[in-house]
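**Q** I would like the atomic coordinates for the input below:
(chains A and B)
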2 protein chains.
Amino acid sequence: MANLKDVHGYVDSHADDFIQRLSEAVAIPSVSTDPSRRGDVHRMALWLENQLKRYGVQTRAVPLGQQEVEGKILEYPPAILGRIGDDSKKKTILIYGHFDVQPAEKSDGWDTEPFELHVDRESGKMFGRGSTDDKGPVLGWLNVLEAHHALRIELPVNLRFCFEGLEEDGSQGLDDLIVTETSKGPQGWFHGVDCVCISDNYWLNTRTPCLTYGLRGIAYYQIIVSGPGSDLHSGMGGAVYEPMTTLISLMGKLVSVEGRILIPGVYDGISVADSSELQKYQDLDYSVADLEKVAGGPISLSDDKATVLMGRTREPSLSLHGIEGAYSGAGGKTVIPATVSGKFSLRLVPPQTPDDITKKVVSFIEDEFAKLKTKLKMKVEFVGGGKPWVADTNHWSYEAAKRATETVWGKTPNYTREGGSIPVTLTFADNLGVNVLLLPMGRADDGAHSTNEKLDISNFLNGTKLLGTYLYEVANINSDK
Amino acid sequence: MANLKDVHGYVDSHADDFIQRLSEAVAIPSVSTDPSRRGDVHRMALWLENQLKRYGVQTRAVPLGQQEVEGKILEYPPAILGRIGDDSKKKTILIYGHFDVQPAEKSDGWDTEPFELHVDRESGKMFGRGSTDDKGPVLGWLNVLEAHHALRIELPVNLRFCFEGLEEDGSQGLDDLIVTETSKGPQGWFHGVDCVCISDNYWLNTRTPCLTYGLRGIAYYQIIVSGPGSDLHSGMGGAVYEPMTTLISLMGKLVSVEGRILIPGVYDGISVADSSELQKYQDLDYSVADLEKVAGGPISLSDDKATVLMGRTREPSLSLHGIEGAYSGAGGKTVIPATVSGKFSLRLVPPQTPDDITKKVVSFIEDEFAKLKTKLKMKVEFVGGGKPWVADTNHWSYEAAKRATETVWGKTPNYTREGGSIPVTLTFADNLGVNVLLLPMGRADDGAHSTNEKLDISNFLNGTKLLGTYLYEVANINSDK
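**A** Numbering: from 1, shown residues only, chains lettered A, B, ... in the order given. Next up, the predicted model:
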């Protein structure tokens, strides 16, 4: 892999240029959830498309439709598709990333301007909104392309790109785009893709790179209890059935304080970890202290790291989020709320699906409500959800990523599952029918959606090398292709 | 009571003038909770003081201090004290009322302008903010004064007045004023008062006048559960103790869905109604349908009207009001809230006091929390409260009010207790050590704090006669004075 050595050399000698380009990207405040920033998201799409074109990537900006905000029609930012290389002897990798960011204001508690990349050479950290989520990783791919283009080295694989500008706003339109392109068969943009690589999550800690092979699904519900015609004064208390009392009673039956879900059948079919899987969790470079640092308090459900990690990623969980319609202000208000809606969600693991879990959730709550024999009305609503995802880590794409990690970072990666969801992962896996790999660039303490979001310079540069090396390992590995 | 006949005649012949004066009063938007309306509350105080002076009442506007609102100092509206008559052979009655009102905007859903009295002769109703709460009743006393003044008839009793402009804003400063005046002994404004009469509540229904002899007290609490350093993403679920789960569990232990309070010792010392008291509840002109009309739904805890009425007024109750710090918006948010504060309050009846109940509430919740054995933190806070009040209905003031009601309305009044609280009632009772009577003017459907607040013309005019007649009955009755 003589070419790869040159690519690494290019990264080392162009570090400042790469950081400069990240500054440019961070300076475009492409906040997708803020309609007043919509123009910036479109500007960011154009900026990215031009960058890709510069390195010989064939691009296509795909409109994703419109939305109405306060009576005004707003165009969604387009998805930027790209392709480079069409050699049938090479593997074809689809890269996903997003160029929109979470909102940020200096007044939120940032130490520096969020949309000006602040490069702190002393600590080796670069602060700015989008630095790690997800502009850093997207620009990692641009760095790899630039190195090959400048060095006139042919890429070892064919690449396809799918970059979107609505990830932080529910990935509007993207599922449809993937389904549509897949349905076109050989004419579809994603035809011939052998695997998908997504760099949009984080290490389990601040020390060890990881490969992520699982995400939990989600099923979100609300229990709506009603009865009075309008909010009542609590002077009426003792004369009427109160919706809050019934709602709190029902919410209290869903999960124990130790996190055990109390809905019958919810754990059906979930495998028990055997000793070799348990050992994998024990072997991870991770500790209960790492978890409690992220949680901000000594509140771990267990003192055993494997139990904690499996509880967070391999087991389902149920969280109570809050109540709509009740009093939620400071101080006191003597109200009997008329209609209250209790919100909760389950994080799902295979073989759980939102459909199956919804049947069990609704039936359990309806039974428990009937037992209460109140004169109130109750309904359970499924708000939304997505299936869990687990990939085969024996696949050549994971093997290639493992080797690349060992080469670049000198460490065997942690193999991790995450407690949250990235819905597009499952859309790619289901529609394209190929292996999906999550290959993160940043660390656990990057603060993706928080104030002072950062990316370590080492993670940006080694991350760029990692992405490049992964392509070479993919090309070299023995596989059915 | 030849004089009284003349007074009634004056009321009948001056109905239009009285309604015109009510229009004037309603037209002053004396909203005490809105700082931008503070000038109007002061204007209303002056208007009322001038009215009293016109009929020979000696007045005093007592400053109640200042408040700071957004860095600006605002003067509280003064209390207007008044006195007329000083005949030691006559009884002395203290009248309380308030001249401030709840906020109102036409856009809230009013059919007419809230601060323009809309007199609908067809339905016999007068719509406007303050019509029934409490400008109508206050003007009832002005009408009585005017009749005597115009007819040159001496009042049958000595009167003292205490009108405030902050009732809807927590009666700031009024308790202090009452305590101060009481502590002055014979020099105090309220010295020599034989009983208190307050017209600031409502009939139990729309058909039968009532005398109100009891109010429940209140004790308001919040349970604060914390643990995480900041709100967490629910992808962390299954790894950490979640404050919401513990809070909901604790809130679920406080009261049954049928309204039975589950805190040990809370019912200690509360008397059981004997058959004669039960009979009084059965005899009231009231039905479960009346309750459900006010509640806006068929949600009565019992089909027996005595049980329902006692549950609302003679028994304590516990209502869950809501949760601060949890998600309270529409739709879904996958948050594990870091610190949540569950709000609830008890309505109290004798011999319960906030102090005694607080000990029981705190001890119970702390015990239950300890049993849960979580790693979270929890504390219970007493937010505020007030004692319950029950008056002796065998007192001559009640007997006089009963006779007056029978004379004016041709009906024996309902004797009622209310589920809510009017704190000043207890302050008068405790400090002056005299009987307090609540003698309402309006009906159950007046909508005191709602849109389209109204007072029936018949209630305004008969209510004026009732207040006047009450004074004559007080003067005539055999008593220790």
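
**Q** For chain B, what is the nearest residue in the stretch 101-250 of chain A?
**A** residue A:229 (1.7 Å; C-beta to the nearest C-beta). Where C-beta positions appear, they are placed from N, C-alpha and C, glycine not excepted.

**Q** Count residues in the vicinity of the residue lying closest to that residue once chain neighbours are set aside, would you?
**A** Once flanking residues are discounted, residue A:229 sits nearest to residue B:296: 1.7 Å by C-beta to C-beta, 6 or more residues apart in numbering or on different chains. By other C-beta atoms under 10 Å in any protein chain shown, the residues close to residue B:296 number 15.

**Q** Now do the residue of the stretch 101-250 of chain A closest to chain B against residue A:369, distance only.
**A** Going from residue A:229 to residue A:369 by C-beta to C-beta, to the nearest Å gives 21 Å.

**Q** what about these two, which has more around it?
**A** Neighbours were counted for residue A:229 and for residue A:369 using other C-beta under 10 Å; residue A:369 has more, 23 against 15.

**Q** residues touching the more buried one, list them.
**A** Each residue near residue A:369 by C-beta atoms under 8 Å, 6 or more residues apart in numbering or on different chains is listed here: A:246, A:250, A:378.

**Q** Mind pulling the model confidence for the last one?
**A** According to the per-residue confidence, residue A:378 scores 98 in pLDDT.

**Q** Pretty sure it sits against residue A:246.
**A** Yes - Residue A:378 is in contact with residue A:246 according to C-beta atoms under 8 Å; the separation is 7.1 Å.

**Q** Identify the contacts common to those two.
**A** By C-beta under 8 Å, 6+ apart, the residues touching both residue A:378 and residue A:246 are A:225, A:369.

**Q** Distance of residue A:299 relative to chain B?
**A** 4 Å (C-beta to the nearest C-beta, to the nearest Å).

**Q** my guess is that residue meets residue B:376, correct?
**A** Yes - between residue A:299 and residue B:376 there is a contact under C-beta under 8 Å: 6.4 Å.

**Q** Common neighbours of these two, please.
**A** By the contact definition C-beta under 8 Å, 6+ apart, residue A:299 and residue B:376 are jointly contacted by B:227, B:241.

**Q** which residues of the stretch 51-200 of chain A fall in helices?
**A** A:135-151, A:174-183 (DSSP state H, counting those that start in this stretch).

**Q** again but with the stretch 351-481 of chain A, I slipped
**A** Under the criterion DSSP H, counting those that start in this stretch, the stretch 351-481 of chain A contains helices at A:354-372, A:396-409, A:423-432, A:457-476.

**Q** who wins for proximity to residue A:390 among those helices?
**A** Among those, helix A:423-432 comes nearest to residue A:390, with 9.5 Å by C-beta to C-beta.

**Q** which helices and strands sit right next to that closest one?
**A** strand A:92-98, helix A:174-183, strand A:195-198, strand A:389-390, strand A:435-438 (3 or more C-beta pairs under 8 Å, 6 or more residues apart in numbering or on different chains; DSSP states H and E).

**Q** what about the last one, distance to the chain center?
**A** Relative to the centre of its chain, strand A:435-438 is centred 13 Å away, using C-alpha atoms, centre = their mean, to the nearest Å.

**Q** one step back: quick one: the helices of the stretch 351-481 of chain A as a markdown table, columns for mean pLDDT too.
**A** Supplementary listing: the helices of the stretch 351-481 of chain A in a markdown table, determined by pLDDT from 0 to 100:
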| stretch | mean pLDDT |
| --- | --- |
| helix A:354-372 | 98 |
| helix A:396-409 | 98 |
| helix A:423-432 | 91 |
| helix A:457-476 | 98 |
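
**Q** and those helices, which is most packed in?
**A** helix A:457-476 (a mean of 23; mean count of other C-beta atoms under 10 Å in any protein chain shown).

**Q** So which other helices or strands are in contact with that helix?
**A** helix A:2-13, helix A:15-26, strand A:125-127, helix A:135-151, strand A:195-198, helix A:396-409.

**Q** looking at those, which one has the lowest mean pLDDT?
**A** Taking the mean pLDDT of the helices and strands packed on helix A:457-476, helix A:2-13 comes last: a mean of 94.

**Q** Need phi/psi at residue A:232.
**A** Dihedral pair for residue A:232: phi -110, psi 160, per degrees, to the nearest 10.

**Q** looking at the sheet around it, what are its partners?
**A** residue A:336 (DSSP bridges).

**Q** In CSV, list the helices and strands packed on helix A:457-476 along with distance to residue B:33.
**A** As requested, the helices and strands packed on helix A:457-476 are exported to CSV (distance: least, C-beta to C-beta, whole Å):
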stretch, distance to residue B:33
helix A:2-13, 64
helix A:15-26, 46
strand A:125-127, 44
helix A:135-151, 48
strand A:195-198, 54
helix A:396-409, 62
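
**Q** Of all these, which one is nearest residue B:52?
**A** From those, taking C-beta to C-beta, the stretch that ends up closest is strand A:125-127, at 67.9 Å.

**Q** Output the contacting helices and strands for the closest one.
**A** strand A:118-120, strand A:454-456, helix A:457-476.

**Q** Next, the buried residues of the second one.
**A** Within strand A:454-456, the residues that qualify as buried are A:454, A:455, A:456, counting by 16 or more other C-beta atoms under 10 Å in any protein chain shown.

**Q** between those, which is closest to chain B?
**A** Closest to chain B, out of all of those and judged by C-beta to the nearest C-beta, is residue A:454, at 16.8 Å.

**Q** Who's the closest spatial neighbour of the residue nearest the centre of chain A, skipping the chain neighbours?
**A** The centroid of chain A falls nearest to residue A:422 when counting by C-alpha atoms, centre = their mean (3.8 Å). Nearest residue to residue A:422, sequence neighbours excluded (C-beta to C-beta, 6+ apart): residue A:215, at 5.8 Å.

**Q** who are the neighbours in contact with the one you found?
**A** Residue A:215 touches A:388, A:389, A:417, A:418, A:420, A:421, A:422, A:425, A:426, A:438, counting by C-beta under 8 Å, 6+ apart.

**Q** Look up phi and psi at it.
**A** Torsion angles, degrees, to the nearest 10, at residue A:215: phi -140, psi 140.
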